[in-house]
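*Asks:* Need a 3D model of the sequence below.
(4 chains)
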Number of protein chains: 2
Amino acid sequence: MITNRSSTRGRPRRFDPDTAVAVAERLFHARGYDAVSVSDLTDALGINPPSFYAAFGSKAGLYARVLDHWGGTGAIPLDQILREDVPVADALAALLEEAARRYAADPEAAGCLVIEGTRCNDADAREAACALNRAAEDRIHDYIAARYPASAASVADYVSTTMSGLSAKARNGHDLPRLLATARLAGGTLAQALAG
Amino acid sequence: MITNRSSTRGRPRRFDPDTAVAVAERLFHARGYDAVSVSDLTDALGINPPSFYAAFGSKAGLYARVLDHWGGTGAIPLDQILREDVPVADALAALLEEAARRYAADPEAAGCLVIEGTRCNDADAREAACALNRAAEDRIHDYIAARYPASAASVADYVSTTMSGLSAKARNGHDLPRLLATARLAGGTLAQALAG
DNA sequence: TAATTAATGTAGGGGTCACTACATAAAAGC
DNA sequence: GCTTTTATGTAGTGACCCCTACATTAATTA
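*Replies:* The predicted model follows:
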């Protein structure tokens, strides 16, 4: 029993909010939060500002919806990569390679939506992105800590810093081969980093 | 015989452009290009917009002056670090450590002015920062290539990607110990990366 | 059919952005 | 002293930003 649009009274929507979130995700990913205006969004959605604000409350509100949606679409599936049945170093190396692949997959929307969002100039949007990013970093940290408690903090920092670098360089135009080579060099030091 | 203000005709300036560049450098470094308005700059300098535009032409014009000035102030002295008389891996590791130190030196102006500038939303300012960043990356590449031509491209990418990550994380609040630990983990893999 | 509910389209508000027209002030050259 | 040159202060400009007031339209409910 999913809430079926919370009673169907009133004039029906002329657009699908879920589709709108997907369109917005694309725009935010391609250009970054600050460089996408509400006009850009309403134009892309074919709606007028009042419809936009009735549905999403604010630009940052829509961005929060996009971040929620992200877990099911563009986000790296940490569940599948940070496996208990493989060496930690191998899993983290696979994580970096997967990041490289995803960040370079679409040259028009390079890098990580969330990592880039943590650096925008709107306080609300930035905090939402930071919260999501912290959650991901915590999962990486806890995954390492289960088997390497002493080096978890430093290795988790190393991995997340490398991912930030990969995202930045993807946006600076580095293509898949370059990002992948970088990710592999970074991954190659994990075994000794964990041991140290 | 330095050009002494190109003839002293006319009403004298009430501010020193070089001081203004230093003040602007501080503001751009602290908040990023996009988040600093011309009003912020004129307020900080105690001047009015016409004086600002007469002296610098535009906001991006002042930013270009800041980038020129940067080489003599905040920039990492590649000359002194990329030495011919030390192993390449050691020099690059020292470069990463020095980056960590500088990016965390001032929490109010974290990260690298130039790297952060390559990601701003103004086309002129971004291109100026990218040009300067490319020059630095080329120097790193050429330094490596002199002794390790086969791995120069990938190792240079790895080093610059790590620096981008360090700058990003510095701006996300990572302090000196964390950045330094990350830089050292990254530096530890350089010897084998060069050999590979 | 009438009342209620909700989303729409038109039009615009208040603010900030980078930037400038213009008259004035302060120096040097004649 | 008068002209020329340059920087200044006052006071804006148009463009764009995020967001909204308000009347209207289109659906359900009574």
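
*Asks:* Go ahead and confirm residue A:22 touches residue A:70.
*Replies:* No. Using CB atoms under 8 Å, residue A:22 makes no contact with residue A:70, being 10.5 Å away. C-betas here are computed from N, CA, C, even on glycine.

*Asks:* In terms of packing, which of those two has more residues around it?
*Replies:* For residue A:22 versus residue A:70, the count of surrounding residues by other CB atoms under 10 Å in any protein chain shown is larger for residue A:70: 20 against 13.

*Asks:* check contacts around the residue in chain A positioned nearest to chain B.
*Replies:* Scanning chain A for the residue nearest chain B gives residue A:165, at 2.9 Å (criterion: CB to the nearest CB). Residues in contact with residue A:165 (CB atoms under 8 Å, 6 or more residues apart in numbering or on different chains) are A:182, B:161, B:162, B:163, B:164, B:165, B:166, B:168.

*Asks:* Same check on residue A:92?
*Replies:* Residue A:92 is in contact with A:82, A:140, A:144, A:155, A:159, A:187, A:190, counting by CB under 8 Å, 6+ apart.

*Asks:* host element of it?
*Replies:* helix A:88-105 (DSSP states H and E).

*Asks:* If you count neighbours, what's buried in that helix?
*Replies:* A:88-89, A:91-100, A:102-104 (16 or more other CB atoms under 10 Å in any protein chain shown).

*Asks:* and the helix or strand following it, how far from the chain's centre?
*Replies:* Once the chain leaves helix A:88-105, the next helix or strand it forms, by DSSP H and E, is helix A:113-117. Computed by CA atoms, centre = their mean, to the nearest Å, the separation of helix A:113-117 from the middle of its chain amounts to 5 Å.

*Asks:* And the helices in chain A, which stretches?
*Replies:* For chain A, the helices defined by DSSP state H cover A:17-31, A:38-45, A:49-56, A:59-70, A:78-81, A:88-105, A:113-117, A:123-145, A:152-171, A:176-187, A:190-195.

*Asks:* so which of these gets nearest residue B:128?
*Replies:* Between residue B:128 and the helices of chain A, the tightest spacing by CB to CB is seen for helix A:152-171, at 17.1 Å.

*Asks:* and that closest one with helix A:123-145, angle?
*Replies:* 130 degrees (axes from the mean of the first three to the mean of the last three CA atoms, to 10 degrees).

*Asks:* Buried residues of helix A:152-171, list them for me.
*Replies:* Result for helix A:152-171 [16+ other CB under 10 Å]: buried residues A:152, A:154-171.

*Asks:* so what's the closest residue to residue A:178 other than its chain neighbours up against?
*Replies:* Nearest residue to residue A:178 in three dimensions, chain neighbours excluded: residue B:157, at 5.5 Å (CB to CB, 6 or more residues apart in numbering or on different chains). Neighbouring residues of residue B:157 by CB under 8 Å, 6+ apart: A:169, A:174, A:178, A:181, A:182.

*Asks:* Go ahead and confirm residue A:166 touches residue A:103.
*Replies:* Yes. Between residue A:166 and residue A:103 there is a contact under CB under 8 Å: 5.5 Å.

*Asks:* who touches both of those two?
*Replies:* A:111, A:179.

*Asks:* list the contacts for residue A:156?
*Replies:* By CB under 8 Å, 6+ apart, the residues touching residue A:156 are A:137, A:140, A:141, A:144.

*Asks:* Give me every residue in chain A lying close to DNA strand D.
*Replies:* When proximity is defined as CB under 7 Å from any atom of the strand, chain A approaches DNA strand D at A:7-12, A:36-40, A:48-50, A:52-53, A:58-60.
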